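A.B. asks: Sequence and predicted structure, then a few things I'm wondering about:
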There are 2 protein chains.
Amino acid sequence: MDIKLKVGQRIKELRLQLGLSQEALANKADVDRTYMTDVENGRRNISVEVLERIIMALEISYADFFNAKEFMK
Amino acid sequence: MDIKLKVGQRIKELRLQLGLSQEALANKADVDRTYMTDVENGRRNISVEVLERIIMALEISYADFFNAKEFMK
DNA sequence: CTGTAGACTGGCGTCGACG
DNA sequence: CCGTCGACGCCAGTCTACA
(Lines give C-alpha, C1' and ligand atoms only; values in the text may rest on other atoms or scores of the structure.)
Protein backbone atom coordinates (compact mmCIF):
# COMPACT_ATOMS: atom_id res chain seq x y z
CA MET A 1 0.00 0.00 0.00
CA ASP A 2 1.00 3.59 -0.60
CA ILE A 3 3.36 4.98 2.02
CA LYS A 4 1.41 8.24 2.07
CA LEU A 5 -1.75 6.38 3.06
CA LYS A 6 0.06 4.40 5.74
CA VAL A 7 1.49 7.56 7.27
CA GLY A 8 -1.86 9.31 7.13
CA GLN A 9 -3.68 6.46 8.80
CA ARG A 10 -1.05 6.19 11.53
CA ILE A 11 -1.35 9.92 12.25
CA LYS A 12 -5.13 9.71 12.45
CA GLU A 13 -4.95 6.66 14.71
CA LEU A 14 -2.61 8.41 17.16
CA ARG A 15 -4.50 11.70 16.94
CA LEU A 16 -7.76 10.03 17.95
CA GLN A 17 -6.02 8.28 20.84
CA LEU A 18 -5.09 11.73 22.11
CA GLY A 19 -8.62 12.99 21.58
CA LEU A 20 -7.49 15.85 19.36
CA SER A 21 -9.27 17.39 16.38
CA GLN A 22 -7.40 17.76 13.08
CA GLU A 23 -7.31 21.48 13.70
CA ALA A 24 -5.91 21.13 17.21
CA LEU A 25 -3.17 18.78 16.00
CA ALA A 26 -2.39 21.03 13.06
CA ASN A 27 -1.95 24.01 15.40
CA LYS A 28 0.20 21.99 17.78
CA ALA A 29 2.42 20.85 14.91
CA ASP A 30 2.39 24.31 13.33
CA VAL A 31 1.06 23.21 9.94
CA ASP A 32 -1.96 24.36 8.00
CA ARG A 33 -5.28 22.76 8.93
CA THR A 34 -6.26 21.96 5.34
CA TYR A 35 -2.85 20.41 4.74
CA MET A 36 -3.40 18.17 7.79
CA THR A 37 -6.62 16.91 6.18
CA ASP A 38 -4.77 16.02 2.98
CA VAL A 39 -1.96 14.29 4.86
CA GLU A 40 -4.32 12.11 6.89
CA ASN A 41 -6.09 11.09 3.70
CA GLY A 42 -2.81 10.10 2.03
CA ARG A 43 -2.99 12.82 -0.60
CA ARG A 44 0.30 14.61 0.19
CA ASN A 45 3.91 13.50 -0.09
CA ILE A 46 5.04 14.93 3.25
CA SER A 47 8.64 15.86 4.04
CA VAL A 48 10.57 14.56 7.04
CA GLU A 49 10.73 17.98 8.72
CA VAL A 50 6.97 18.48 8.72
CA LEU A 51 6.46 14.84 9.64
CA GLU A 52 8.77 15.34 12.61
CA ARG A 53 6.68 18.27 13.86
CA ILE A 54 3.50 16.19 13.57
CA ILE A 55 5.13 13.23 15.32
CA MET A 56 6.27 15.45 18.19
CA ALA A 57 2.77 16.92 18.44
CA LEU A 58 1.53 13.34 18.75
CA GLU A 59 3.85 12.93 21.74
CA ILE A 60 5.66 9.92 20.36
CA SER A 61 9.16 9.17 19.05
CA TYR A 62 10.06 8.66 15.40
CA ALA A 63 10.97 5.05 16.25
CA ASP A 64 7.63 4.37 17.91
CA PHE A 65 5.66 6.11 15.19
CA PHE A 66 7.04 3.61 12.66
CA ASN A 67 6.91 0.72 15.10
CA ALA A 68 3.52 -0.40 13.80
CA LYS A 69 2.60 -3.37 11.65
CA GLU A 70 2.02 -1.32 8.48
CA PHE A 71 5.71 -0.40 8.45
CA MET A 72 7.14 -3.82 9.30
CA LYS A 73 7.97 -4.73 5.68
CA MET B 1 19.88 17.20 16.29
CA ASP B 2 18.39 17.94 12.91
CA ILE B 3 16.18 15.17 11.57
CA LYS B 4 17.71 15.60 8.10
CA LEU B 5 21.16 14.86 9.52
CA LYS B 6 19.92 11.84 11.44
CA VAL B 7 18.30 10.39 8.34
CA GLY B 8 21.38 11.07 6.25
CA GLN B 9 23.68 9.42 8.74
CA ARG B 10 21.42 6.39 9.04
CA ILE B 11 21.36 6.00 5.26
CA LYS B 12 25.14 6.23 5.05
CA GLU B 13 25.56 3.73 7.88
CA LEU B 14 23.31 1.16 6.18
CA ARG B 15 24.78 1.84 2.73
CA LEU B 16 28.30 1.12 3.96
CA GLN B 17 27.11 -2.08 5.61
CA LEU B 18 25.91 -3.20 2.19
CA GLY B 19 29.21 -2.16 0.61
CA LEU B 20 27.51 0.11 -1.91
CA SER B 21 28.76 3.40 -3.36
CA GLN B 22 26.50 6.47 -3.24
CA GLU B 23 26.03 6.14 -6.97
CA ALA B 24 25.09 2.47 -6.76
CA LEU B 25 22.53 3.16 -4.05
CA ALA B 26 21.17 6.15 -5.95
CA ASN B 27 20.65 4.00 -9.03
CA LYS B 28 19.02 1.24 -7.03
CA ALA B 29 16.65 3.73 -5.39
CA ASP B 30 16.10 5.55 -8.68
CA VAL B 31 17.17 8.98 -7.42
CA ASP B 32 19.80 11.34 -8.73
CA ARG B 33 23.38 10.69 -7.59
CA THR B 34 24.04 14.31 -6.60
CA TYR B 35 20.82 14.39 -4.63
CA MET B 36 21.93 11.27 -2.75
CA THR B 37 25.07 13.16 -1.70
CA ASP B 38 23.00 16.04 -0.34
CA VAL B 39 20.64 13.70 1.51
CA GLU B 40 23.47 11.82 3.24
CA ASN B 41 24.95 15.12 4.33
CA GLY B 42 21.64 16.30 5.80
CA ARG B 43 21.21 19.13 3.31
CA ARG B 44 17.83 18.11 1.85
CA ASN B 45 14.39 17.84 3.40
CA ILE B 46 13.47 14.53 1.79
CA SER B 47 9.88 13.38 1.19
CA VAL B 48 8.47 10.08 2.42
CA GLU B 49 8.09 8.68 -1.10
CA VAL B 50 11.74 9.17 -2.01
CA LEU B 51 12.79 8.04 1.46
CA GLU B 52 10.77 4.85 0.94
CA ARG B 53 12.63 4.09 -2.29
CA ILE B 54 15.98 4.59 -0.55
CA ILE B 55 14.91 2.44 2.40
CA MET B 56 13.83 -0.36 0.06
CA ALA B 57 17.15 -0.09 -1.79
CA LEU B 58 18.83 -0.53 1.59
CA GLU B 59 16.91 -3.78 1.98
CA ILE B 60 15.33 -2.87 5.29
CA SER B 61 11.82 -2.06 6.54
CA TYR B 62 10.60 1.43 7.46
CA ALA B 63 10.23 0.21 11.05
CA ASP B 64 13.79 -1.10 11.22
CA PHE B 65 15.22 1.98 9.53
CA PHE B 66 13.87 4.13 12.37
CA ASN B 67 14.60 1.49 15.00
CA ALA B 68 17.94 3.11 15.85
CA LYS B 69 18.99 5.12 18.89
CA GLU B 70 18.97 8.49 17.06
CA PHE B 71 15.22 8.13 16.56
CA MET B 72 14.33 6.88 20.04
CA LYS B 73 13.38 10.38 21.26
C1' DC C 1 -15.05 19.87 12.70
C1' DT C 2 -13.74 18.09 8.26
C1' DG C 3 -13.21 18.31 3.18
C1' DT C 4 -12.42 20.56 -1.24
C1' DA C 5 -10.94 24.06 -4.47
C1' DG C 6 -7.93 27.63 -6.27
C1' DA C 7 -3.96 30.61 -6.18
C1' DC C 8 0.58 31.37 -4.69
C1' DT C 9 5.88 30.93 -3.16
C1' DG C 10 9.79 28.29 -1.96
C1' DG C 11 12.30 24.32 -2.24
C1' DC C 12 12.44 19.27 -3.72
C1' DG C 13 14.49 16.44 -7.05
C1' DT C 14 16.78 16.20 -11.83
C1' DC C 15 20.51 16.96 -14.80
C1' DG C 16 25.19 18.29 -16.97
C1' DA C 17 29.71 19.68 -15.89
C1' DC C 18 33.93 20.07 -13.28
C1' DG C 19 37.39 19.06 -9.67
C1' DC D 1 33.88 7.82 -6.00
C1' DC D 2 32.32 11.90 -3.82
C1' DG D 3 31.15 16.94 -3.49
C1' DT D 4 29.55 21.27 -5.45
C1' DC D 5 27.48 24.50 -8.72
C1' DG D 6 23.80 26.42 -11.63
C1' DA D 7 19.58 25.91 -14.11
C1' DC D 8 14.97 24.31 -14.12
C1' DG D 9 10.07 22.10 -13.65
C1' DC D 10 6.94 20.70 -10.49
C1' DC D 11 4.90 19.99 -6.13
C1' DA D 12 5.07 20.76 -0.89
C1' DG D 13 2.95 23.68 2.24
C1' DT D 14 0.15 28.15 3.03
C1' DC D 15 -3.99 30.69 2.91
C1' DT D 16 -8.90 32.19 1.91
C1' DA D 17 -13.41 30.76 1.15
C1' DC D 18 -17.44 27.71 0.89
C1' DA D 19 -20.13 23.77 2.08
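C.D. replies: Received, thanks.
A.B. asks: alpha carbons only for contacts and neighbour counts from here, please
C.D. replies: OK.
A.B. asks: residues contacting the closest residue to DNA strand D within chain A?
C.D. replies: As assessed by CA to the nearest atom of the strand, DNA strand D sits closest to A:Ile46 within chain A, at 3.2 Å. Counting by CA atoms under 8 Å, 6 or more residues apart in numbering or on different chains, A:Ile46 touches A:Lys4, A:Val39, B:Ser47, B:Val48.
A.B. asks: Tell me which residues touch the last one, please.
C.D. replies: Which is B:Val48. Here B:Val48 is in contact with A:Ile3, A:Lys4, A:Asn45, A:Ile46, A:Ser47, A:Val48 (CA under 8 Å, 6+ apart).
A.B. asks: Wait, the second one touches A:Asp38, no?
C.D. replies: This points to A:Lys4. No - counting by CA atoms under 8 Å, A:Lys4 sits too far from A:Asp38 to count as a contact (10.0 Å).
A.B. asks: more crowded one of the two?
C.D. replies: A:Lys4 (21 against 15; other CA atoms under 10 Å in any protein chain shown).
A.B. asks: what's the spacing between that one and A:Asp32?
C.D. replies: A:Lys4 sits 18 Å away from A:Asp32, taking CA to CA, to the nearest Å as the criterion.
A.B. asks: For A:Ser47, grab phi and psi.
C.D. replies: phi -90, psi 160 (degrees, to the nearest 10).
A.B. asks: That one: neighbour count?
C.D. replies: A:Ser47 has 17 nearby residues by other CA under 10 Å.
A.B. asks: Read off the pLDDT value for the spatially closest residue to it that is not a sequence neighbour.
C.D. replies: Excluding the flanking residues, the one nearest A:Ser47 by CA to CA, 6 or more residues apart in numbering or on different chains is B:Ser47, at 4.0 Å. Looking at B:Ser47, its pLDDT reads 98.
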